[in-house]
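> Return atomic coordinates for the entry below.
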Amino acid sequence: MEGRKGSLRHFRIWGCPIHVLVQNPKKLERRSKLCLFVGYPKESKGGLFYEPQENKVFVSTNATFLEEDHIRNHQTRSKLVLEEISKNTTDRPSSSTKIVDKTRNIDQTHPSQELGEPRRSGRVVRQRDRYLGLSEAQTVIPNDGIEDPLTYKRAMNDVDYDQWIKANYLEMESMYSNSIWTLIDQPNDVKPIGCKWIYKRKRDQAGKVQTFKARLVAKGYTQNKRIDYEETISPVAMIKSITILLSIATFYDYEIWQMNVKTAFLNGNLEENIYMVQPEGFIQKGQEKKVWIISRYQSNPGRDHWTAIKNILKYLIRTKDYMLVYGSKDLILTRYTDSDFQTDKDARKSTSGSIFTLNGGAVVWRSIKQSCIANSTIEAEYVATCEAAKEAV
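Numbering: from 1, shown residues only. Got it, this is the predicted structure:
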């Protein structure tokens, strides 16, 4: 291990079900197959997986382990109670060994059974409710087993240090071209925030390294809300804009092309002045005490943001087989709206719901608590209709 601490993140539960990616499947074939994890190969990286349908064992580096489902569905078997064996006892098991079955009386014995299962704990492992539905975690086992560097110094001592240097310069070049920062003298009443390099090897489905990514991020967690900033935003396209374009493209049978914008998050506008220290490896000589004043700012997610992300991931897993289908004779925008009545027991507010369809499929949908307290169901539905009309305009 060359002095490095060994990693245990590849250790998996033997016998747990997994989904293995199918290489080059046909158009109507499944993209994965359900197998069982049976061990690790000696000559190569990856895992050994057993496929019951074809009754064979094979090696793969791309699998989704269903360990949490395996633990939840596991049923504890009968418990074996062994008496203490003295030195004069022979190797043959005693006929007085007791088998304790949870479905029968505790004192029931089975003299005819000489060999029993190993003793198992009767403790039932239960997962917290907020993690249910997050059991399917995609795990790509790299072929080389090399971990990504966590700091700039480790990257410079890494076996691929030359690739990390190129990635650093590409990141800095992108910031130069977007006029992200200006080097100034540090004001006396300002404490600049730190920064950190994030390194990541981008791999393909087989675990082979394709590109080396380096990102320079500010340590925004050191800032305080209402003092250093007012709100956090992320400049991304609205989902309704994307769905409307997809609906129109399917109606006119257009071809859709996807492109990638490098460092798209740098295009957001910033009103506050953000001061940051110079990054490692790019500190200008003779100007070490100067700091950056940042003209772009992405986000500073807090605990509430991560909780919301967990809920979104659980929703996506539950609805992963759902899809939007577009296709009708007319390109007509249709609106549906409804409301409940004072379902919020604390604030006594109602919830509005609306959905817009175009070309036979949904393009805009919304469910939100009303800002006012409705005194009747008619008033609640009127508020919901008004909000949907403003959305349509």
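
> Mind splitting the chain into its structural domains?
If you go by automatic domain parsing, the domain ranges for the chain are 17-73+127-140, 152-230+272-300, 323-392.

> Could you point out which of those sits nearest residue 7?
Among the domains of the chain, domain 17-73+127-140 comes nearest to residue 7, with 12.7 Å by CB to CB. (Glycine included, C-beta is placed from N, CA and C.)

> what mean pLDDT would you report for the closest one?
On average, the pLDDT along domain 17-73+127-140 is 76.

> count of residues packed around residue 385?
Residues near residue 385, counting by other CB atoms under 10 Å, number 16.

> that older thread, right, and the domains of the chain - which one's nearest residue 241?
Closest to residue 241 of those, according to CB to CB: domain 323-392, at 9.3 Å.

> Start and end of that closest one, how far apart?
Using CA to CA, to the nearest Å, the end-to-end distance of domain 323-392 comes out at 23 Å.

> ok, now stretch 9-20?
Start-to-end span of stretch 9-20 (CA to CA) is 18 Å.

> Check which residues of it are buried.
By 16 or more other CB atoms under 10 Å, the buried positions in stretch 9-20 come out as 12, 16, 17, 18, 19, 20.

> and that stretch, how far from the chain's centre?
18 Å (CA atoms, centre = their mean, to the nearest Å).

> contacts for it?
Stretch 9-20 is contacted by residues 32-40, 47, 49, 60, 62-67, 69-71, 136, 141 when judged by CB atoms under 8 Å, 6 or more residues apart in numbering.

> 7 Å - rerun?
Under the criterion CB atoms under 7 Å, 6 or more residues apart in numbering, residues 32-39, 49, 60, 63-67, 70, 141 lie in contact with stretch 9-20.

> Can you turn the buried part of the residues you listed into a PyMOL selection?
In PyMOL, a selection of the buried entries from these looks like this (16+ other CB under 10 Å):
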select buried, resi 33+35+36+37+49+60+63+64+65+66+67+70+141
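
> Okay, and which of the contacts of stretch 9-20 map to strands?
32-39, 49, 60, 63-65 (DSSP state E).

> counting contacts, what elements does the helix or strand hosting residue 391 pack onto?
Using DSSP states H and E, residue 391 maps to helix 377-392. Secondary-structure packing of helix 377-392 (3 or more CB pairs under 7 Å, 6 or more residues apart in numbering; DSSP states H and E): strand 333-339, strand 351-358.

> residues contacting the closest residue to residue 348 other than its chain neighbours?
Leaving aside its chain neighbours, residue 348 sits nearest to residue 342 (4.9 Å; criterion: CB to CB, 6 or more residues apart in numbering). The contact partners of residue 342, by CB under 7 Å, 6+ apart, come to 348, 349, 350.

> Make CSV from the residues you listed and add neighbour count to it.
Below are the contacts of residue 342 laid out as CSV (neighbours: other CB atoms under 10 Å):
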residue, neighbour count
348, 12
349, 19
350, 22
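
> Just put those residues in TSV and tack on distance to residue 179 and pLDDT.
Below are the contacts of residue 342 laid out as TSV (distance: CB to CB, whole Å; pLDDT from 0 to 100):
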residue	distance to residue 179	pLDDT
348	51	84
349	45	87
350	48	89
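
> now, which of these sits nearest residue 321?
Nearest to residue 321 among the contacts of residue 342, with distances taken as CB to CB, is residue 350, at 31.4 Å.

> Verify the contact between that closest one and residue 374 for me.
Yes - assessed by CB atoms under 7 Å, residue 350 is found in contact with residue 374 at 5.1 Å.

> what is in contact with these two at once?
341, 380.
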